[in-house]
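Peer 1: Coordinates for the following, if possible.
(4 chains)
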4 protein chains.
Amino acid sequence: MRIAIIGLGYWGPNLVRNFLSTDGVHGVICCDVLDTRLAKIKKSFHDVELAPSFDEVLKRGDVDAIVLATPVSTHISLGMHALEAGKHLLVEQPLALHAADAEALMSRAEQNRLVLMVDHTFLYTSAVRKIKELHTAGKIGDILYFDSVRVNLGLFQRDTNVIWDLAPHDISIMEHIVGLKPLAVSAVGVSHFDDHEDIAYITVSFPNNVIAHFHMNWISPVKIRKILIGGTKLMVVYDDMEPSEKVKLFEKGVQIKGKENESKALVEYRIGDMYAPHIEQTEALSLVAKDFVEAVCRGRQPVSNAHVGLNVVKILEAADYSMRMGGKSMNL
Amino acid sequence: MRIAIIGLGYWGPNLVRNFLSTDGVHGVICCDVLDTRLAKIKKSFHDVELAPSFDEVLKRGDVDAIVLATPVSTHISLGMHALEAGKHLLVEQPLALHAADAEALMSRAEQNRLVLMVDHTFLYTSAVRKIKELHTAGKIGDILYFDSVRVNLGLFQRDTNVIWDLAPHDISIMEHIVGLKPLAVSAVGVSHFDDHEDIAYITVSFPNNVIAHFHMNWISPVKIRKILIGGTKLMVVYDDMEPSEKVKLFEKGVQIKGKENESKALVEYRIGDMYAPHIEQTEALSLVAKDFVEAVCRGRQPVSNAHVGLNVVKILEAADYSMRMGGKSMNL
Amino acid sequence: MRIAIIGLGYWGPNLVRNFLSTDGVHGVICCDVLDTRLAKIKKSFHDVELAPSFDEVLKRGDVDAIVLATPVSTHISLGMHALEAGKHLLVEQPLALHAADAEALMSRAEQNRLVLMVDHTFLYTSAVRKIKELHTAGKIGDILYFDSVRVNLGLFQRDTNVIWDLAPHDISIMEHIVGLKPLAVSAVGVSHFDDHEDIAYITVSFPNNVIAHFHMNWISPVKIRKILIGGTKLMVVYDDMEPSEKVKLFEKGVQIKGKENESKALVEYRIGDMYAPHIEQTEALSLVAKDFVEAVCRGRQPVSNAHVGLNVVKILEAADYSMRMGGKSMNL
Amino acid sequence: MRIAIIGLGYWGPNLVRNFLSTDGVHGVICCDVLDTRLAKIKKSFHDVELAPSFDEVLKRGDVDAIVLATPVSTHISLGMHALEAGKHLLVEQPLALHAADAEALMSRAEQNRLVLMVDHTFLYTSAVRKIKELHTAGKIGDILYFDSVRVNLGLFQRDTNVIWDLAPHDISIMEHIVGLKPLAVSAVGVSHFDDHEDIAYITVSFPNNVIAHFHMNWISPVKIRKILIGGTKLMVVYDDMEPSEKVKLFEKGVQIKGKENESKALVEYRIGDMYAPHIEQTEALSLVAKDFVEAVCRGRQPVSNAHVGLNVVKILEAADYSMRMGGKSMNL
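Peer 2: Now for the predicted structure:
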């Protein structure tokens, strides 16, 4: 299998490095509009082949798959061309700027029987995989809430706001773990330095009073990446800033023990042990590459498939629109 | 000066203890509908006097001031009676359930030239006083945002929701520090175990893109009490769970350095030292008692005066209403 | 049972409070050379009886037991008088300044069939009880090392050094958990402000290369109270400064997997989950009082008995002597 | 300037990478007894030249300097050959196994007017440089103690013990910061899995009751790298595990305020602010390479010069000997 990686900015070289060492990959072709980037990638990774243009890549019959690490606004156009040229496709997150575009890409991939995957890298981290595994095994119970904070004195993005920059990480994790169909989305955000919001809060509501909430902030003095998940059986704290013990499971909870009287329920607390399962230190991106290659070779869906990608875009688009409408709740 | 403390449940005994050791207080009278509580308070504090009923207290000419540590729903009625009887008044937070009630109490106090104070205890902590002092001295600069998280596997309140239980702390701190007139409030919340919301998020918007956000949660596996304040000169982290170094000041920020081109601003980061000012370990409630007594004796306003109390109630009431309306933004 | 508490300085009032609420205690008599302390204790605890002198206490036939919360130098004399008068005895830690004195007290107690207990309070904390329980159940395996750090900008003791002030806590915990007979003790320490050492390090060696080490420091900028215990099955971190999760158990270790060649062993790591058992929040001193009263009433040994107390004094005395001798190793 | 790097095991490739990007370096020659390592380094860094043997390197007139990243036991022999061949020399820490060897290397370098430097990398970290800068400026005051803990479930070294593996880091930091001539060294240590000690404690004593203490442990369940430095003006905590704020300065201390009476000093505490100076994130090894190249080019001493290296070896050798002698104090 031969893979072309388009776009060699911040993330592209990581993709190159990981695909070069993935089983089943027999060639990596690199393509970028900037020659300096091409020269640099060739210096770092001598085994790669350089392609003069995206069109040349599309024409090559020996290229099986394309990876798009280009700005999100280009995904729909470049992605459609790739799929129309019969190439399997891995797209950097988020899949697109509009749900309609994401759906178009998904449909075309299905028609052409091609794999369409989104690089929601966090789904492949050992921490998220462990939480997913516990939830699938029924150990967390029903999820009551999902609360995420991702703040830092971050790299201001010049052409997007904090929602499109940071929320894809946490919304994809939420989508993957919670697995429920959201009812509505609302968001508020403010900008202080240019037109792009640098702080935003997103709320997603689900049936049965399940709620998800996301705090994104580019101008925080401290770096926090913390997710709280309340389940009826276990409560989870996933703190990505912890060097070890990133995932902590608390045998804590609240139980209703009948009714005290007409209007009042008897609430009881459950407080037990905490445990932090051992989390392997595997590079998530190597598993992204592996899942993509295997999905192509075996004709199966990857974990971070187009449905996940579409659901994330739906929430992002609704959140962005809600933010512009002063926090109005948007039904999905 | 002689003070009557009404209500000896959870917080009342702390008030008794602190007023007993406040200069200028020559007698503390205790009153509660439960005789067992009266007996217990007498056993712990032999110097207190017991009063058979609230009415008896009102009639006594030697009682100068009344402290209400009764449920919030009783504040309007008991408070009006106290003010009408010519007693200075300290009310547990929040001042009332409705802004109209808070305003009525405030007007009556002003008419009768009586001190009306609300026990927003956090305003008297060394940490909040230090932040206020820094902000007043211009060291924080303009405030860009105020973000508060107060979560725990908390004591479920049986007759109120998580907003009325927890938010008065953080909203009073915000009111005190930020000192701006809010434009609008919105809130979302969900309940899982009875009719009362156990998780809620409140957003308050101000002019010039200043934003405040509050996360309250009764069913979190971990206890977090953390406030981030972004200023143009300093950024503040106030972590009440830290045994020492509760307040950290970061010489961090973002600056606009002209325009790169038509549409893009040149953003620059400022990253300097962090320092944690020494925070004295004074019991905040002793300063509450002192401020109340001095306000009465010297005829001046206390820090946590009726205006602060009213502003807090306005936000709480709007937030509660917004939550019922599905997060609709409420203008103030 | 009627108990006399001698010495009402820093710790005495805590003893009074706990014995007053211990089942089986029908009277608490307080005694101190300072009348101001007697007046103060009577004000706080109205049910106590005051005794004019230690001699009066000894003479009273209705006093079953005596608790000594007096300076350690007085323990031998006051303690012997108490035992000779037929009183059961609880002594503040450490039991005595010299092993010979501790032995004398122990012998006399045995002869007179009286309970002699030392208030090594830490043995009764939920954390230490949990570790002891795990070790007794074989879950920790063989102990390889015990490392303790107890440092703070502490209260300088005017009449003793940092070893006698802080080490009794950690050495009693070590004695209780490790349960091995030490071979030798060495210690180094320095003083900076008066004649008393304010920093000291103690090493205790045991058979089979088991080692215990203690760091005590009165002039540390930060407060650390952390014990590491390496076992062949589990490794333990007991961090007393953690608000919750004081005890963490790590499924980590090193295993020998045969020999690589003549001189080199094949070492393998075991890295598994971490778990933090739920630790109840019981006041340890209430369990001290309970254990003492039950030991007296049922004629059994308390957990923190004279043997424990003697072993602690042996190590303290040897460490202090070693420190004076420049760190010379003292056989026990 | 042309540099040959001998030994391409764990650390060698880092040296290659850094020297390749150091100003003034016009060629990097790599040498190792294993051909596989040579092939691997050539694949990663195409600009390096490979040398067939150490002897070939010595013979080359165009090689100005040699870097030894070989086992410490080889330093004396390879190092003497390099110096005799007129090459400037950078040696991995520690400089040698014996003080006599270190002195021999130092003398030869001085005779031949060659730079001899030891790669005590930690001296070039931003954290240590900041502490050194503060101490040099008199802001820490006189140092009272230096306490270091470096523990982890570490990589067992097969041919050395925990002292030779871990202590060079902390002893070099101490040597650099404290800057006093030590009087005596003692150490205790135990081994559990083979002949090499896996836990050790070293004490170094200085005039005026200054003390330094080092805890090294290969079998700790948690990773701790923390240094406490008590100064008369400031107290320092250097926690290398902190992602930011690695260095914290505490305005805390103890002061003698005259004498209370004959035997007792009046001790007073000083408790002020804490501040954490901004620490740049520069790779220390790039500064090592820079310092070495500049020392060679300008004929000046590097920071981590042969004197520092010799002093570290003296303490290590004495500590190792003391450990074998059961903790006997060794005068230096």
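Peer 1: which element is A:Phe146 on?
Peer 2: For A:Phe146, the host element (DSSP states H and E) is strand A:143-153.
Peer 1: right, and the helix or strand after that strand?
Peer 2: helix A:162-178.
Peer 1: re earlier: now check the strand holding A:Phe146, is it near chain B?
Peer 2: Yes - with C-beta under 8 Å from any C-beta of the partner chain as the criterion, chain B is reached by strand A:143-153 at A:Leu144, A:Tyr145, A:Asp147, A:Val149, A:Val151, A:Leu153. For every residue, glycine as well, the C-beta is placed using N, CA and C.
Peer 1: Which residue comes closest to the second one once chain neighbours are left out?
Peer 2: Closest residue to A:Tyr145 apart from its sequence neighbours, by C-beta to C-beta, 6 or more residues apart in numbering or on different chains: A:Gly230 at 4.7 Å.
Peer 1: now do A:Leu144
Peer 2: Closest to A:Leu144 by C-beta to C-beta, 6+ apart is A:Gly230, at 4.2 Å.
Peer 1: still on that earlier bit, show me the strands paired with the helix or strand encompassing the residue nearest to A:Tyr145, marking each as parallel or antiparallel.
Peer 2: Here A:Gly230 sits within strand A:219-231, counting by DSSP H and E. Strands adjacent to strand A:219-231 in the sheet, as given by DSSP bridges, are strand A:143-153 (antiparallel), strand A:235-239 (antiparallel).
Peer 1: ok, A:Ala51 - how many residues close by?
Peer 2: By the measure other C-beta atoms under 10 Å in any protein chain shown, the count of residues near A:Ala51 is 21.
Peer 1: what separates the residue lying closest to it once chain neighbours are set aside from A:Ser44, distance-wise?
Peer 2: Nearest residue to A:Ala51, sequence neighbours excluded (C-beta to C-beta, 6+ apart): A:Cys31, at 4.3 Å. The gap separating A:Cys31 from A:Ser44 is 16 Å, by C-beta to C-beta, to the nearest Å.
Peer 1: Okay, buried residues for stretch A:36-48 please.
Peer 2: A:Arg37, A:Leu38, A:Ile41, A:Val48 (16 or more other C-beta atoms under 10 Å in any protein chain shown).
Peer 1: my read is A:Leu180 is in a helix, agree?
Peer 2: No - judged by DSSP: H, G, I helix; E, B strand; the rest coil, A:Leu180 forms no part of a helix; its state is coil.
Peer 1: who touches the residue nearest to it when sequence neighbours are not counted in this structure?
Peer 2: In this structure, A:Leu180 finds its nearest non-sequential neighbour in A:Phe206, 4.6 Å apart by C-beta to C-beta, 6+ apart. By C-beta atoms under 8 Å, 6 or more residues apart in numbering or on different chains, the residues touching A:Phe206 are A:Val178, A:Leu180, A:Lys181, A:Pro182, A:Leu183, A:Ala212.
Peer 1: mind running it again at 7 Å?
Peer 2: By C-beta atoms under 7 Å, 6 or more residues apart in numbering or on different chains, A:Phe206 lies in contact with A:Leu180, A:Pro182, A:Leu183.
Peer 1: ditto for A:Leu20
Peer 2: A:Leu20 touches A:Val28, A:Phe45, A:Asp47, counting by C-beta under 7 Å, 6+ apart.
Peer 1: element containing A:Met101, please.
Peer 2: For residue A:101 the amino acid is Asp, not Met. helix A:99-111.
Peer 1: and that helix, what other elements does it pack with?
Peer 2: Other elements packing on helix A:99-111 under the criterion 3 or more C-beta pairs under 7 Å, 6 or more residues apart in numbering or on different chains; DSSP states H and E are helix A:75-84, strand A:116-119, helix A:306-324.
Peer 1: can you tell which of the ones you listed is closest to A:Trp164?
Peer 2: Closest to A:Trp164 of the helices and strands packed on helix A:99-111 is helix A:306-324 (C-beta to C-beta; 6.4 Å).
Peer 1: Any idea what A:Tyr275 is bridged to?
Peer 2: With DSSP bridges as the rule, A:Tyr275 is bridged to A:Leu249, C:Tyr275.
Peer 1: Hmm, C:Asp273 and it touching each other?
Peer 2: Yes - using C-beta atoms under 7 Å, A:Tyr275 is in contact with C:Asp273, at 5.7 Å.
Peer 1: The two: which has the busier surroundings?
Peer 2: More crowded of A:Tyr275 and C:Asp273, by other C-beta under 10 Å: A:Tyr275, with 20 against 15.
Peer 1: What separation is there between the more buried one and A:Thr125?
Peer 2: 19 Å.
Peer 1: now do A:Gly272
Peer 2: Note on A:Gly272: its distance to A:Thr125, by C-beta to C-beta, is 26 Å.
Peer 1: And for A:Arg150?
Peer 2: 14 Å.
Peer 1: Contacts only, for the residue positioned nearest the centre of chain A.
Peer 2: Geometric centre of chain A, nearest residue: A:His120, 3.2 Å, by C-alpha atoms, centre = their mean. Applying C-beta under 7 Å, 6+ apart to A:His120 gives the contacts A:Gln93, A:Pro168, A:Ser172, A:Ser304, A:Val308.
Peer 1: next one: A:Gly79
Peer 2: Here A:Gly79 is in contact with A:Leu68, A:Leu89, A:Val91, A:Leu105 (C-beta under 7 Å, 6+ apart).
Peer 1: and the closest residue to A:Val237 other than its chain neighbours, how many neighbours?
Peer 2: Nearest-residue entry for A:Val237: A:Lys248, 4.6 Å, with adjacent residues in sequence omitted and distances by C-beta to C-beta, 6+ apart. Using other C-beta under 10 Å, A:Lys248 is surrounded by 21 other residues.
Peer 1: these two touch, right, A:Lys248 and A:Ile279?
Peer 2: No - using C-beta under 7 Å, A:Lys248 is not in contact with A:Ile279, being 10.7 Å away.
Peer 1: how about the residues of chain A that lie near chain B?
Peer 2: A:144-145, A:153, A:156, A:158, A:186, A:188, A:190-194, A:199, A:201, A:203, A:209, A:211, A:213, A:219-222, A:228, A:230, A:235, A:237, A:250, A:252, A:254, A:256, A:264-265, A:267, A:269, A:326-327, A:329 (C-beta under 7 Å from any C-beta of the partner chain).
Peer 1: quick check: angle from the strand holding A:Gly230 to helix A:162-178?
Peer 2: Interaxial angle of strand A:219-231 relative to helix A:162-178 (axes from the mean of the first three to the mean of the last three C-alpha atoms, to 10 degrees): 20 degrees.
Peer 1: what residues does strand A:219-231 touch?
Peer 2: Contacting residues not belonging to strand A:219-231 are listed as A:140-153, A:173, A:177, A:198-199, A:235-241, B:144, B:219-220, B:228, B:230, B:235, B:237, B:250, B:252, B:254 [C-beta under 7 Å, 6+ apart].
Peer 1: From those, keep the buried residues only.
Peer 2: Neighbour-count burial (16+ other C-beta under 10 Å) is assigned, among those, to A:140, A:143-153, A:173, A:177, A:198-199, A:235-240, B:144, B:219-220, B:228, B:230, B:235, B:237, B:250, B:252, B:254.
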